[in-house]
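>>> Structure for the following, please:
(one chain, ligands or ions: 1)
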Amino acid sequence: MEEAGRAVATAAQRLAPSGRVVLLAGGGANGGDALVAARHLSVAGRDVQVLAAPATHPLTRLNRRRLKAVGVSPQVLSPARLRAGARGAALLVDGLLGTGFRAPLRPSMEALIAEVNAARAQGAPVLAIDVPSGLEAGPARAAGPAVQADATVTLMGWKPALLFGEAATRAGAVDLTPLSVPRAWVAPEAVAARLPDALIGFWLPERPADAHKGTAGRVWVLGGHPGTAGAPVLAGVGALRTGAGLVTLHSLAELPLLHPELMVRRHPSWPEALPALAASGLPDALAVGMGLGPEAAEVARAVLAWKVPTVLDADALQPDLAGAGHDRCVWTPHPGEAARLLDVPTAQVTGDPLVSARALQAQMGGVVVLKGGPSVVAWSGGLVVARGGHPGMATAGMGDTLAGVIAALLGQGLDAARAALCAVRLHARAGERAAARHHYGLVAGDVAEELGGAWLDLRATGR
Ligand SMILES: NC(=O)C1=CN([C@@H]2O[C@H](COP(=O)(O)OP(=O)(O)OC[C@H]3O[C@@H](n4cnc5c(N)ncnc54)[C@H](O)[C@@H]3O)[C@@H](O)[C@H]2O)[C@@H](O)CC1
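Numbers count the residues shown, from 1 in each chain. Predicted coordinates for the structure are as follows:
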């Protein structure tokens, strides 16, 4: 609690370097954090006003006494006091409810939350402790009355409510404060991790000056079917723009030859093509499934047996491949495909993407990228929620490009989890760059164009 409160005080100093800070403390440990923050702010010479509910948590009671010892006496928390106190405040700190809140909200608390939001509408910024009051920390449900924060200092780990759905918009800019506490004290909701861009930038491979096309990764894309012949091309371009040295598209369909840098081989049938391809010398990485059509499951099963680093997308995401994944493969379902794989409604996948990604990983093996805004990457050792991206990326072909990006990174030697993590971030960053020019009109090709720039952006933070 001491560490948490100190982190909140530091954030408050940053958000409001001068003026009166009004801290709202509920009866539980979330309120205790607010009382600790008030003590640190007061000792630092700040004008603080504390409105507190009767403390129910022993550490909160202790910190009430410690606050009094530095000369600050909490006032009784009520909607009227809050309204009066918020007038002219430089900052409101919301320590009413944290991870201990369970819906539905009691009416007395609802009135306080309404006052916080009214004060914010009058111009007082709000800093939430751990989670904005009124949000349950776990999987985001339809959000009821909750504090709208400008910033949130979340403690110990990322809570699902701060990452997904409408609830996530209540938190404002979120900063994580990891605490030096025993693992058993970490709230069960603090389940997800996010990676700093610096780490992604550090993992992106550098190549020697004498690199040539044979050393920069040979990638095959197996996909395309009459009517969906563009999909493997988009994957191929994604791979090229992520630095793959040689990209060959294998298809039964005639593919549009939009990029002369892509090599194309048309095959009469997969049963003929696959043994011949295996005998011809396997590539460094494969992308399978983009627009591949009804034979995708058989093709995917055959290529998984090659044990080459492989990304499986779109039509290759079939339930009967459960357990066929190996530790060098990456599955990339969107929520609809994930729902089909798990045999659950799509709403269940979008309702709890973390649990769904874990379940898919256990079912399919290898690494799973559950695509969405944001995407989740799951592997046997971890679960990471990706950063960034842009709503304009909600357009056909975006997933094909991502599959190509993953394949290119696999082909350049990254292990499956790192390839997935780096690819998702690169793709999202490229989308942000493309959105600056195209906004909602951006298409997959625009994102591919920005992949090189996105790589440089991430590298600049990582080295
Ligand atoms: N290791 C830990 O567990 C740590 C926890 N910390 C803080 O502790 C918080 C969790 O503390 P608690 O478990 O005490 O819970 P909270 O303080 O989040 O909530 C408990 C309080 O909320 C009230 N409440 C619950 N449901 C309500 C409802 N439906 N309507 C109105 N009021 C309701 C309860 O009466 C109680 O006063 C975290 O969010 C974080 O801020 C930090 O101090 C750091 C360490």
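
>>> now the helices for the stretch 201-350 of the chain?
Here the stretch 201-350 of the chain has its helices, by DSSP state H, counting those that start in this stretch, at 230-241, 270-279, 296-304, 335-342, 346-351.

>>> Show me what counts as buried in the helix or strand following the last one.
Next in sequence after helix 346-351, counting helices and strands by DSSP states H and E, comes helix 353-364. Applying a neighbour-count criterion of 16 or more other C-beta atoms under 10 Å, the buried positions in helix 353-364 are 353-361, 363-364. For every residue, glycine as well, the C-beta is placed using N, CA and C.

>>> Near the ligand, which residues of this structure are found?
Counting by C-beta under 6 Å from any ligand atom, the chain comes close to the ligand at 1, 4, 26-33, 56-57, 97-102, 104-106, 109, 129-130, 155, 179, 181, 185, 187.

>>> could you flag which of those residues are buried?
If we count by 16+ other C-beta under 10 Å, the residues of the chain next to the ligand have these buried: 1, 4, 26-33, 57, 97-101, 105, 109, 129-130, 155, 179, 187.

>>> In helices, which of those residues fall?
When those are checked against helices (DSSP state H), the matches are 4, 29-33, 109.

>>> possible to save those as JSON lines with distance to residue 82?
Putting these into JSON lines (distance: C-beta to C-beta, whole Å) gives the following:
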{"residue": "4", "distance to residue 82": "22"}
{"residue": "29", "distance to residue 82": "21"}
{"residue": "30", "distance to residue 82": "16"}
{"residue": "31", "distance to residue 82": "14"}
{"residue": "32", "distance to residue 82": "19"}
{"residue": "33", "distance to residue 82": "18"}
{"residue": "109", "distance to residue 82": "12"}
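
>>> among those, which two are most distant?
The distance between the two most remote of these (C-beta to C-beta) is 20.9 Å, for 4 and 109.

>>> quick one: the residue in the stretch 151-300 of the chain positioned nearest to the ligand from residue 179, how far?
Minimum separation of the stretch 151-300 of the chain from the ligand (C-beta to the nearest ligand atom) falls at residue 185, amounting to 3.7 Å. Going from residue 185 to residue 179 by C-beta to C-beta, to the nearest Å gives 8 Å.

>>> Now do the shared contacts for those two.
Common neighbours of residue 185 and residue 179 are listed as residue 156 (criterion: C-beta atoms under 8 Å, 6 or more residues apart in numbering).

>>> quick one, what contacts residue 115?
79, 82-83, 86 are the contacts of residue 115 under C-beta under 8 Å, 6+ apart.

>>> repeat for residue 55
Contacts for residue 55 (C-beta under 8 Å, 6+ apart) come out as 25, 27, 31-32, 61, 64.

>>> Just the pLDDT at residue 116, thanks.
Residue 116 is assigned 98 on the pLDDT scale.

>>> just residue 394 next, same as before
pLDDT at residue 394 comes out at 88.

>>> So what does it have for phi and psi?
phi -80, psi 70 (degrees, to the nearest 10).

>>> what residues are up against the residue lying closest to it once chain neighbours are set aside?
The shortest distance from residue 394 to any non-neighbouring residue, by C-beta to C-beta, 6 or more residues apart in numbering, is to residue 373 (7.5 Å). By C-beta under 8 Å, 6+ apart, the contact list for residue 373 reads 389, 391, 393-394.

>>> Please list the outside residues in contact with the one helix or strand residue 81 maps to.
Secondary structure assignment for residue 81, by DSSP H and E: helix 79-86. For helix 79-86, the external contacting residues (C-beta under 8 Å, 6+ apart) are 22, 24, 49, 51, 75, 92, 111-112, 114-116, 118-119, 122, 124.

>>> Please, where are all the helices along the stretch 1-150 of the chain?
Under DSSP H, counting those that start in this stretch, the stretch 1-150 of the chain gives helices at 2-15, 29-43, 58-69, 79-86, 107-121.

>>> which helices and strands sit right next to the first one?
Spelled out, it's helix 2-15. helix 29-43, strand 91-95, strand 126-129, strand 151-155, strand 173-177 (3 or more C-beta pairs under 8 Å, 6 or more residues apart in numbering; DSSP states H and E).

>>> can I get these in a markdown table with distance to residue 252 and mean pLDDT?
As requested, these are exported to a markdown table (distance: least, C-beta to C-beta, whole Å; pLDDT from 0 to 100):
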| stretch | distance to residue 252 | mean pLDDT |
| --- | --- | --- |
| helix 29-43 | 59 | 98 |
| strand 91-95 | 59 | 98 |
| strand 126-129 | 55 | 98 |
| strand 151-155 | 50 | 97 |
| strand 173-177 | 47 | 95 |
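
>>> Of those, which is nearest residue 227?
Of the helices and strands packed on helix 2-15, nearest to residue 227 by C-beta to C-beta is strand 173-177, at 43.0 Å.

>>> Which elements pack onto that closest one?
Against strand 173-177 (3+ C-beta pairs under 8 Å, 6+ apart) you get helix 2-15, strand 151-155.

>>> hey, which of those is tucked in deepest?
strand 151-155 (a mean of 25; mean count of other C-beta atoms under 10 Å).

>>> now that strand and helix 2-15, what's the angle there?
160 degrees (axes from the mean of the first three to the mean of the last three C-alpha atoms, to 10 degrees).

>>> Partner strands of strand 151-155, with direction?
As defined by DSSP bridges, the strand partners of strand 151-155 come to strand 126-129 (parallel), strand 173-177 (parallel).

>>> Which residue is the nearest non-sequential neighbour of residue 381?
Leaving aside its chain neighbours, residue 381 sits nearest to residue 417 (7.2 Å; criterion: C-beta to C-beta, 6+ apart).
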